[in-house]
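>>> A predicted structure for the sequence below; I have some questions about it.
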There are 2 protein chains.
Amino acid sequence: METNTIFPKGDKLTNGYFTGDAFLKPLLARDKNNDFVIGSVTFEPGARTNWHTHPKGQVLIVTEGQGFYQEKGKPARIIKKGDVVNIPENTEHWHGAAAEIGMIHIAITHFKDDVNVVWLQPVSAEEYGEVNKNNKP
Amino acid sequence: METNTIFPKGDKLTNGYFTGDAFLKPLLARDKNNDFVIGSVTFEPGARTNWHTHPKGQVLIVTEGQGFYQEKGKPARIIKKGDVVNIPENTEHWHGAAAEIGMIHIAITHFKDDVNVVWLQPVSAEEYGEVNKNNKP
């Protein structure tokens, strides 16, 4: 990845809902006009979220590198710098870097009541390996 | 500006509410989860919006270059790559590039009912010149 990134990398995510090294730089807090949070998430190569859902959806804007977005039961989609992903509500999915290429995305994560994410199980090494095998850079 | 930008430049804005050369690449349309539009706006050096307001506010995320954000009656603020601006509702303001440096920002523009912007008068050459004189790069 370029060193000339847009945002600082932020702090390493240690909440247990990521595999590998992922970092979060918060960009905007929830307030009366913005019923969401915005952050920049940096995934080192191999890093990814757990499977999870958002009760009112999420928008990803990829600003650097390349990775994957996959909804449960569907093929993974390669996402790269400049791509926008409009994630529907209550849809089990994961996103993260490719095994050998890092990725940075902005995430706009909507709240429904006071919940914006429901975390589920990790993306297993087998699941992740399969996606990478089927989507060689 | 770097040529390795995140998004395509999009189409030149010819709606009459910009001074100079500005371009819009739409990134996300309004839908049931996203009560806003998202776009990437490229301002060539010297380009800026008219004065305007947003009935439910707007968030800017600067992805390249440098420019200004000014609310009516207040000093202009220099904004540059990595900066986030949380624009309040019904607040007269403008944004745009510096006279000699271009700027690109993502804009997340909220709707209130079906309106997301109210356009006003141009930023005059005098107003713009004053801001640039007071904020030399």
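Thanks, I have the structure now. Model, not experiment: these values are computed from the prediction.

>>> CA only for contacts and neighbour counts going forward, please
Will do.

>>> How is A:H105 assigned, secondary-structure-wise?
For A:H105, the assignment made with DSSP: H, G, I helix; E, B strand; the rest coil gives strand.

>>> Report the separation between it and chain B.
The gap separating A:H105 from chain B is 11 Å, by C-alpha to the nearest C-alpha, to the nearest Å.

>>> What count of nearby residues applies to that residue?
Using other C-alpha atoms under 10 Å in any protein chain shown, A:H105 is surrounded by 29 other residues.

>>> Quick check: A:I108 vs chain B, distance?
Distance of A:I108 to chain B, computed by C-alpha to the nearest C-alpha: 10 Å.

>>> my bad, A:D114
Distance from A:D114 to chain B, counting by C-alpha to the nearest C-alpha: 15 Å.

>>> what's near enough to touch that residue?
Not one residue lies near A:D114 by C-alpha atoms under 8 Å, 6 or more residues apart in numbering or on different chains.

>>> mind checking pLDDT for it?
Per-residue confidence (pLDDT) for A:D114: 96.

>>> Ramachandran angles for it?
phi -110, psi 20 (degrees, to the nearest 10).

>>> cool, A:Y128 as well?
Main-chain dihedrals, A:Y128, degrees, to the nearest 10: phi -70, psi -40.

>>> Counting neighbours, what do you get for it?
Number of residues near A:Y128 (other C-alpha under 10 Å) recorded here: 19.

>>> Please tell me how far it sits from B:F7.
Distance of A:Y128 to B:F7, computed by C-alpha to C-alpha, to the nearest Å: 28 Å.

>>> ok, now A:K80?
Noted for A:K80: a distance of 11 Å to B:F7, by C-alpha to C-alpha.

>>> how about the strands in chain A?
For chain A, strands defined by DSSP state E occupy the ranges A:11-12, A:18-19, A:22-28, A:36-43, A:48-49, A:52-53, A:58-71, A:77-80, A:84-87, A:93-97, A:103-110, A:118-119.

>>> A:P55: neighbouring residues, count only.
20.

>>> What residues does the residue most central in space within chain A make contact with?
By C-alpha atoms, centre = their mean, chain A has its centre lying nearest to A:H95, at 4.2 Å. Residues in contact with A:H95 (C-alpha under 8 Å, 6+ apart) are A:R48, A:T49, A:G67, A:F68, A:Y69, A:Q70.

>>> Is there any residue in stretch A:30-38 that contacts chain B?
Yes. Stretch A:30-38 lies within reach of chain B by C-alpha under 8 Å from any C-alpha of the partner chain, at A:N33.

>>> Return the distance of that stretch from the chain's centre.
Relative to its chain's centre, stretch A:30-38 lies at 19 Å (C-alpha atoms, centre = their mean, to the nearest Å).

>>> CA atoms of it as PDB?
Extracted in PDB, the C-alpha atoms of stretch A:30-38 (Å, rounded to 0.1, in the frame of the first residue of the first chain):
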ATOM      1  CA  ARG A  30     -23.000  10.200  15.600                       C
ATOM      2  CA  ASP A  31     -25.000  13.400  16.100                       C
ATOM      3  CA  LYS A  32     -28.500  14.800  15.400                       C
ATOM      4  CA  ASN A  33     -27.900  15.200  11.600                       C
ATOM      5  CA  ASN A  34     -25.700  12.100  11.200                       C
ATOM      6  CA  ASP A  35     -27.400   8.900  12.400                       C
ATOM      7  CA  PHE A  36     -24.200   6.900  11.700                       C
ATOM      8  CA  VAL A  37     -20.600   6.800  12.500                       C
ATOM      9  CA  ILE A  38     -17.800   7.200   9.900                       C
END
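
>>> Give me the contacts around it.
Here stretch A:30-38 has contacts from A:26-29, A:106-111, A:116, B:56-57, B:88-89, B:110, using C-alpha under 8 Å, 6+ apart.

>>> can you rerun that using 7 Å?
A:P26, A:L27, A:L28, A:A29, A:I106, A:A107, A:I108, A:T109, A:H110, A:F111, B:K56, B:G57 (C-alpha atoms under 7 Å, 6 or more residues apart in numbering or on different chains).
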